[in-house]
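Trainee: The following block contains a protein sequence and its predicted model.
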Amino acid sequence: MEQVGLEVVTSALESIMRQILTNAGFNGLEKVMNAKASPDGYGVDIDSGEIVNMVSKGVLDPVLVKTMALEASGEMAKSVLRIDKNLAADDLNPQALADSKR
């Protein structure tokens, strides 16, 4: 279940990058794949479309802030899934099934 959640988050983040690149006039899917294949610290220069060292370009990401945001969103997703699971279990209890047959 955790792997599925990780894949959903990864896909969502990739779709944002893909759309930004598409809006800039590039083939978004191709550029995302190139960025994924590049070494750590490299990304797509939105002006040229080339894979560049982001630190040398002066682009610095606050990793701690992003990490905390992803952890918080993961905790929220787990809470929602637990609530959904509990609601589904309540719907399957014998009294609920008997009530639904009326």
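Mentor: Yep, that arrived.

Trainee: what about the helices in this structure?
Mentor: Taking DSSP state H as the criterion, the chain carries its helices at 2-23, 28-37, 63-91, 94-100.

Trainee: Tell me what angle the second one forms with helix 2-23.
Mentor: It stands for helix 28-37. Computed with axes from the mean of the first three to the mean of the last three Cα atoms, to 10 degrees, the direction of helix 28-37 lies at 120 degrees from that of helix 2-23.

Trainee: Please renumber the chain so that the first residue is 397 from this point on.
Mentor: Shifting the count to begin at 397 puts that one at helix 424-433.

Trainee: Quick one: mean pLDDT over helix 424-433.
Mentor: Confidence over helix 424-433, taken as the mean pLDDT, stands at 94.

Trainee: do the longest one as well
Mentor: On average, the pLDDT along helix 459-487 is 80.

Trainee: quick one on the thing from earlier: who wins for proximity to K453 among the helices of the chain?
Mentor: With distances scored as Cβ to Cβ, the stretch of the helices of the chain nearest to K453 is helix 424-433 (13.6 Å). All C-beta atoms are positioned from the backbone trio N, CA, C, and that covers glycine.

Trainee: Pull out the C-alpha coordinates of the closest one and format them as CSV.
Mentor: Backbone C-alpha positions of helix 424-433 (Å, rounded to 0.1, in the frame of the first residue of the first chain) are rendered in CSV as follows:
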residue,chain,number,x,y,z
GLY,A,424,7.2,17.6,-21.5
LEU,A,425,7.4,13.9,-21.3
GLU,A,426,10.7,13.7,-23.1
LYS,A,427,12.2,16.4,-20.8
VAL,A,428,11.0,14.8,-17.6
MET,A,429,12.5,11.5,-18.7
ASN,A,430,15.8,13.2,-19.5
ALA,A,431,15.8,14.9,-16.1
LYS,A,432,15.1,11.6,-14.3
ALA,A,433,18.1,10.1,-16.1
